[in-house]
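*Asks:* Return atomic coordinates for the entry below.
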Amino acid sequence: MSASKQLVFEQFARVARALGSPHRLELLDVLCQGERSVERLALAAGLSVGNASQHLQQLRRASLVTTRKSGTHVVYALADREIISLIRALWRVGERNLAELDRLVQHYYRDRDRLEPVTRDALLKRLRRRSVVVIDVRPYEEYVAGHVPGAISIPVTDLRQRLKEVPRGCEIVACCRGPYCVYAYQAVEILRTAGLPARRLEGGFLEWQADGHPVQRGEPSIAPNG
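*Replies:* As a prediction, this is how the structure comes out:
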């Protein structure tokens, strides 16, 4: 290998090493939904603030995330939207080539819901016809950072208590973070148990925005309960 090529590949290896941790992949997965403080990232990933900070520093050294100050807090964001494409490619390669991963995905995700999810293109057409209601079941701050246009924010942790807010008379589509998020599965189970027709959005919000579909940002005109 030439000296120049080796130097280039060493930089690629920096990125690969930064991705070589399930905790760091989880942190990136959360950041795909929008920027977040260290404290909120730690909570979302089930880590201590100190441990999350260490992982985030490694991601920063590989130029995968950026930081800014907001008062006394350090806020992290993806350094480049292309990182979403990188993560999606990692998922696709893993599912296609790792038999153990395929088995885990089948057991923990696909087997949980025998109904076909609503595809992103199908949802877009139905939104234009106004024949569907989208319930965004992610945490509210992720909804504010970006959501499917017209979606109603009801985090899955509040859904049982807020079932009366769910519109009746049309099919409901639950939207969560992405392909390996369980929120939509949980929401669909709650909604169907309550007698409401519900399916989940294939790929969640991560895939929705990655496909270039329209995204609405900010708070709704009516503040959420709770």
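*Asks:* Now do the buried residues in the lowest-mean-pLDDT helix or strand in the chain.
*Replies:* Considering only helices and strands, the least confidently modelled element of the chain by mean pLDDT, DSSP states H and E is helix 99-108, at a mean of 81. Using 16 or more other C-beta atoms under 10 Å as the burial criterion, the residues of helix 99-108 that qualify are Val105. For every residue, glycine as well, the C-beta is placed using N, CA and C.
*Asks:* which helices and strands does it pack with?
*Replies:* Secondary structure elements in contact with helix 99-108, counted by 3 or more C-beta pairs under 8 Å, 6 or more residues apart in numbering; DSSP states H and E, are helix 82-97.
*Asks:* This structure: strands as residue ranges?
*Replies:* Counting by DSSP state E, residue ranges of the strands within the chain are 36-37, 65-70, 73-78, 132-136, 152-153, 171-175, 198-200.
*Asks:* Of these, give the one that comes closest to Glu165.
*Replies:* Of all the strands of the chain, it is strand 152-153 that lies closest to Glu165, at 7.3 Å by C-beta to C-beta.
*Asks:* Could you spell out the sheet neighbours of the closest one, each with its direction?
*Replies:* Using DSSP bridges, the strands paired with strand 152-153 in its sheet are strand 132-136 (parallel).
*Asks:* Strand 171-175 and the strand it pairs with, what's the angle between them?
*Replies:* Relative orientation of strand 132-136 with respect to strand 171-175: 30 degrees, computed using axes from the mean of the first three to the mean of the last three C-alpha atoms, to 10 degrees.
*Asks:* Run a quick neighbour tally on Glu142.
*Replies:* Other residues near Glu142 number 23, with proximity taken as other C-beta atoms under 10 Å.
*Asks:* what do you get for Ala45?
*Replies:* The tally of other residues near Ala45 (other C-beta under 10 Å) stands at 22.
*Asks:* Mind telling me which residue is nearest the centre of the protein?
*Replies:* Residue closest to the mean C-alpha point of the chain, counted by C-alpha atoms, centre = their mean, is Arg177 at 2.5 Å.
*Asks:* Kindly format the C-alpha coordinates of stretch 205-224 as PDB.
*Replies:* Coordinates of each C-alpha in stretch 205-224 appear next as PDB, following Å, rounded to 0.1, in the frame of the first residue of the first chain:
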ATOM      1  CA  PHE A 205     -39.100   9.000  11.100                       C
ATOM      2  CA  LEU A 206     -35.500   8.400  10.300                       C
ATOM      3  CA  GLU A 207     -36.300   6.700   7.000                       C
ATOM      4  CA  TRP A 208     -39.000   9.200   6.300                       C
ATOM      5  CA  GLN A 209     -36.700  12.200   6.300                       C
ATOM      6  CA  ALA A 210     -33.800  10.200   4.700                       C
ATOM      7  CA  ASP A 211     -36.100   9.600   1.700                       C
ATOM      8  CA  GLY A 212     -36.600  13.300   1.300                       C
ATOM      9  CA  HIS A 213     -40.300  13.300   2.300                       C
ATOM     10  CA  PRO A 214     -41.600  16.600   3.700                       C
ATOM     11  CA  VAL A 215     -40.800  17.400   7.400                       C
ATOM     12  CA  GLN A 216     -42.600  19.800   9.700                       C
ATOM     13  CA  ARG A 217     -40.800  21.400  12.600                       C
ATOM     14  CA  GLY A 218     -41.800  23.200  15.700                       C
ATOM     15  CA  GLU A 219     -44.600  22.900  18.200                       C
ATOM     16  CA  PRO A 220     -48.200  22.300  17.300                       C
ATOM     17  CA  SER A 221     -50.800  25.100  17.800                       C
ATOM     18  CA  ILE A 222     -52.100  23.200  20.800                       C
ATOM     19  CA  ALA A 223     -49.600  22.300  23.500                       C
ATOM     20  CA  PRO A 224     -49.400  18.600  24.500                       C
END
